[in-house]
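*Asks:* Give me coordinates for this.
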Amino acid sequence: MGPIQEAHAAAVRRSGEERCLYKSSLAVVDLGVSSTLIVYLQTNLAIEIPALGNTSVRMRDPQRVEETLRCMQKAGLNTLQVISDFDMTLTRFARNGKRCPTSHNILEISKMISSECKEKLKDLLDKYYPIEIDSSKTIEEKLPLMVEWWTRAHALIMQQKIRKDQLTLAVQESDAMLREGYQEFFDCLNQHSVPLLIFSAGLGDVLEEVVRQAGVFHPNVKVISNFMDFDETGVMTSFKGELIHIYNKREGALLNTGHFEELRSRPNVLLLGDSLGDLTMADGVQEVEKVLKIGFLNDKVDERLPSYLNSYDIVLLKDETMEVPNAILDFLVAD
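*Replies:* Numbering: from 1, shown residues only. Below you'll find the predicted structure:
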């Protein structure tokens with residue numbers, strides 16, 4: 001048993017014995033990354049939300065997390081909105097060691113795409129994905145390269161004469177899957193009329209089909225993404241509107257001020273993402289009060305953890321479930 005597991009087990013034992021008296025405890029554990037990290041083990045809030053004691057959970061400032069959640073709970077669900085990325089946030093990153101497809105990948109591996117196009121798209125992925133997750137490069141350095149990647153990939157896709165009626169089968173035949181616990185997440189938000197905005201640099205038509213086939217495309221769900229334009233025969237001709245990529249979601253948020261204007265009475269935000277580019281998805285929210293940012297760190301964990309801890313309130317390491325977001329929603333729902 002490692003240092004985190006031992007400390008966590010001790011905290012759990014003590015919580016049963018001292019539930020009324022025990023106020024707060026933090027353990028400092030050397031995780032072998034670039035800095036020593038504070039691991040949140042046990043507070044009054046952790047008793048109420050046991051999932052925050054999971055070994056996959058990291059927080060730089062647990063006290064701030066607690067204060068934010070208690071303010072959100074006190075304000076009530078009618079002041080809450082949820083903004084989430086899609087690929088590798090609501091969907092799984094991997095299963096049994098095998099990468100799960102993103103909304104782009106679903107299309108790229110489908111029968112609608114020629115072998116030559118598939119090879120070119122894979123070459124783009126192999127070239128640009130390592131740049132996307134390279135922690136030694138700044139966002140400013142990555143930005144033009146990400147635009148280049150998305151633009152070149154979309155140009156290739158547009159050449160394929162994709163038919164709208166083929167998208168359903170492409171999703172059915174793919175290995176795409178939402179994270180374990182997704183049903184509870186989507187259903188809880190719908191049951192309590194909490195708006196869910198899915199903000200994605202992926203393919204909107206494809207991701208909507210994934211959500212629809214999962215049976216959770218409820219009326220409270222809205223999607224901002226890269227949507228295809230089809231002609232009168234149902235053949236794709238172009239993409240609609242401005243390109244949304246991993247690092248321009250702030251601009252996308254500000255371009256969709258109408259959506260956020262409708263939610264002016266919901267100034268508290270639960271934000272879910274898997275990249276540093278997702279942190280700006282809530283920038284269009286009017287008169288924001290509290291934002292709790294949950295980041296899924298799926299890949300290159302040791303290398304990227306410091307920057308995620310400095311950016312997200314809660315970081316989930318290689319966690320393929322919605323356990324923590326669901327536990328937080330349960331806490332916010334509780335009287």
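*Asks:* For residue 203, grab the count of nearby residues.
*Replies:* Residues lying near residue 203 (other CB atoms under 10 Å) number 28. C-beta: built from backbone N, CA, C; applies to glycine.
*Asks:* quick one: contacts for it?
*Replies:* With contacts defined as CB atoms under 8 Å, 6 or more residues apart in numbering, residue 203 is in contact with 103-104, 106-107, 225-228.
*Asks:* Now it: closest residue in space that isn't a chain neighbour?
*Replies:* Once flanking residues are discounted, residue 203 sits nearest to residue 103: 4.4 Å by CB to CB, 6 or more residues apart in numbering.
*Asks:* related to what we said a few turns ago, keep only those of the contacts of residue 203 that are in helices.
*Replies:* Applying DSSP state H to the contacts of residue 203, the entries found in helices are 103-104, 106-107.
*Asks:* Looking at the residues you listed, which one is closest to residue 139?
*Replies:* Within the ones in helices among the contacts of residue 203, the smallest distance to residue 139 is 20.7 Å, found for residue 104 (CB to CB).
*Asks:* residues touching that closest one, list them.
*Replies:* Counted by CB under 8 Å, 6+ apart, residue 104 has contacts 87, 121, 153, 202-203, 206.
*Asks:* Mind giving me the packing neighbours of the host helix or strand of residue 326?
*Replies:* Element membership of residue 326, judged by DSSP states H and E, is helix 323-333. In terms of contacts (3 or more CB pairs under 8 Å, 6 or more residues apart in numbering; DSSP states H and E), helix 323-333 is packed against helix 62-75, helix 182-191, strand 268-273, strand 290-297.
*Asks:* partners of the helix or strand that the second one is followed by in the sheet?
*Replies:* For helix 182-191, the succeeding helix or strand toward the C-terminus, using DSSP H and E, is strand 196-203. Take DSSP bridges as the rule and strand 196-203 pairs in its sheet with strand 80-84 (parallel), strand 221-226 (parallel).
*Asks:* what inclination does the following helix or strand past strand 196-203 have with respect to helix 182-191?
*Replies:* Next along the chain after strand 196-203, taking DSSP H and E as the criterion, comes helix 204-213. Going by axes from the mean of the first three to the mean of the last three CA atoms, to 10 degrees, helix 204-213 is angled at 90 degrees with respect to helix 182-191.
*Asks:* Check which residues of helix 204-213 are buried.
*Replies:* Neighbour-count burial for helix 204-213 flags 204-211 (criterion: 16 or more other CB atoms under 10 Å).
*Asks:* and if you look at stretch 121-128?
*Replies:* Using 16+ other CB under 10 Å as the test for burial, stretch 121-128 gives 121, 124-125, 128.
*Asks:* still on that earlier bit, how far does the helix holding residue 326 sit from its chain's centre?
*Replies:* 15 Å (CA atoms, centre = their mean, to the nearest Å).
*Asks:* Format the CA atom coordinates belonging to that helix as CSV.
*Replies:* Provided in CSV are the C-alpha atoms of helix 323-333 (Å, rounded to 0.1, in the frame of the first residue of the first chain):
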residue,chain,number,x,y,z
GLU,A,323,-18.3,9.3,-9.8
VAL,A,324,-16.9,12.6,-8.5
PRO,A,325,-19.2,14.9,-10.6
ASN,A,326,-22.2,12.7,-9.6
ALA,A,327,-21.2,12.8,-6.0
ILE,A,328,-21.0,16.6,-6.2
LEU,A,329,-24.4,16.8,-7.8
ASP,A,330,-25.8,14.6,-5.0
PHE,A,331,-24.4,17.0,-2.5
LEU,A,332,-25.8,20.1,-4.3
VAL,A,333,-29.2,18.4,-4.6
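*Asks:* buried set for it?
*Replies:* Buried residues in helix 323-333, counted by 16+ other CB under 10 Å: 323-329, 331-332.
*Asks:* and which of those residues is nearest residue 97?
*Replies:* Minimum distance to residue 97 across those is 20.2 Å, recorded for residue 323 (CB to CB).
*Asks:* thinking again about what came up before, okay if I get the contacts of residue 104 as JSON lines plus distance to residue 272 and pLDDT?
*Replies:* JSON lines is the format used below for the contacts of residue 104 (distance: CB to CB, whole Å; pLDDT from 0 to 100):
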{"residue": "87", "distance to residue 272": "12", "pLDDT": "96"}
{"residue": "121", "distance to residue 272": "27", "pLDDT": "91"}
{"residue": "153", "distance to residue 272": "24", "pLDDT": "90"}
{"residue": "202", "distance to residue 272": "15", "pLDDT": "92"}
{"residue": "203", "distance to residue 272": "19", "pLDDT": "94"}
{"residue": "206", "distance to residue 272": "19", "pLDDT": "96"}
